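# here is the input, now give the coordinates:
(one chain, ligands or ions: 1)
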Amino acid sequence: MIAVKNISKAFGSLQVLDKISFDLKKGGIFAVLGPNGSGKTTFLKILLGMVLPDSGEIYYQDQPILQSHAYRKHIGYLPQIARFPDNLKVREIIHMIMDIREEPAHPEPLIELFKLDKFMDKKLGDLSGGTRQKVNIVLTFMFDTPVVVLDEPTAGLDPVSLIKLKDLLHQAKNQGKMILITSHIMSLVEELADEVIFLLEGKIYFQGTLSDLQSKTETRDLEHSIAAILEP
Ligand SMILES: Nc1ncnc2c1ncn2[C@@H]1O[C@H](COP(=O)(O)OP(=O)(O)OP(=O)(O)O)[C@@H](O)[C@H]1O
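I've put the predicted structure just below:
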């Protein structure tokens, strides 16, 4: 479904990604992990066409995509920090994004799921962080995209909403979708991820299942695997 070949990206003298390659052939939940500043967000933004790599190629359904960004309509994206004007109402931002994308959207079940009805006429700037994040989740999942990219999606969510988000992710996976997710919450990754892509010092240090990672690092859980990699 998505393949990248020799993707590199530097910001000035900082080489964030150094000839990264992989091939994700089928749907499932892929956790992109790595310490702060290891390039996870940069990598996801390159996949989305929001950051241009210095070199390398990206393929979606076997087609190169760096020159054509039409493929982006196949991707739902929840950014780490979503920036929308504070004076927009929840109802307005939902309609605005629907108008921009010009694709069928189904926000209603999600509004109901996250109990956002009473916030529809409130301004984004007046919402709590967690409620804002629920609005962002609605904006991401209201389109039926085969690929969903989520950068730290759990930020600010209460336990009830977190369970609902996890259900949405399981549902998406069962529909054969590809989900790429970053998170620093290892228990969440352990619960959800089929595969881990671990970025370290510009390279993919590890790609595979959680149990492969645990065997490689001879540890009992993901938190200790990561600690073993970072502080051997
Ligand atoms: N537009 C930019 N200009 C300059 N440097 C940038 C830019 N975007 C990212 N960087 C730098 O690239 C590095 C990787 O950043 P990135 O946000 O991809 O890391 P991350 O793994 O997502 O980090 P975190 O876990 O803290 O969210 C960081 O050192 C960051 O400061």
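# in this structure, which spans are strands?
2-11, 14-24, 28-33, 55-60, 63-64, 75-78, 147-151, 178-182, 195-200, 203-208 (DSSP state E).
# make TSV from those and add mean neighbour count, mean pLDDT and distance to Arg132 to it.
For every residue, glycine as well, the C-beta is placed using N, CA and C. Formatted as TSV, the strands of the chain follow (neighbours: other C-beta atoms under 10 Å; pLDDT from 0 to 100; distance: least, C-beta to C-beta, whole Å):
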stretch	mean neighbour count	mean pLDDT	distance to Arg132
strand 2-11	17	96	28
strand 14-24	16	96	28
strand 28-33	23	96	23
strand 55-60	16	93	30
strand 63-64	12	88	35
strand 75-78	21	88	12
strand 147-151	24	95	15
strand 178-182	23	96	18
strand 195-200	21	95	27
strand 203-208	17	94	32
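# tell me which of these sits nearest to Leu230.
Closest to Leu230 of the strands of the chain is strand 195-200 (C-beta to C-beta; 7.9 Å).
# measure how the closest one sits relative to strand 203-208, angle-wise.
Angle of strand 195-200 versus strand 203-208, following axes from the mean of the first three to the mean of the last three C-alpha atoms, to 10 degrees, is 160 degrees.
# strand 195-200 near the ligand at all?
No: counting by C-beta under 6 Å from any ligand atom, the ligand has no neighbours in strand 195-200; the shortest distance is 6.7 Å.
# any stretches of the protein with poor pLDDT?
For the chain, applying pLDDT under 70 flags no range at all.
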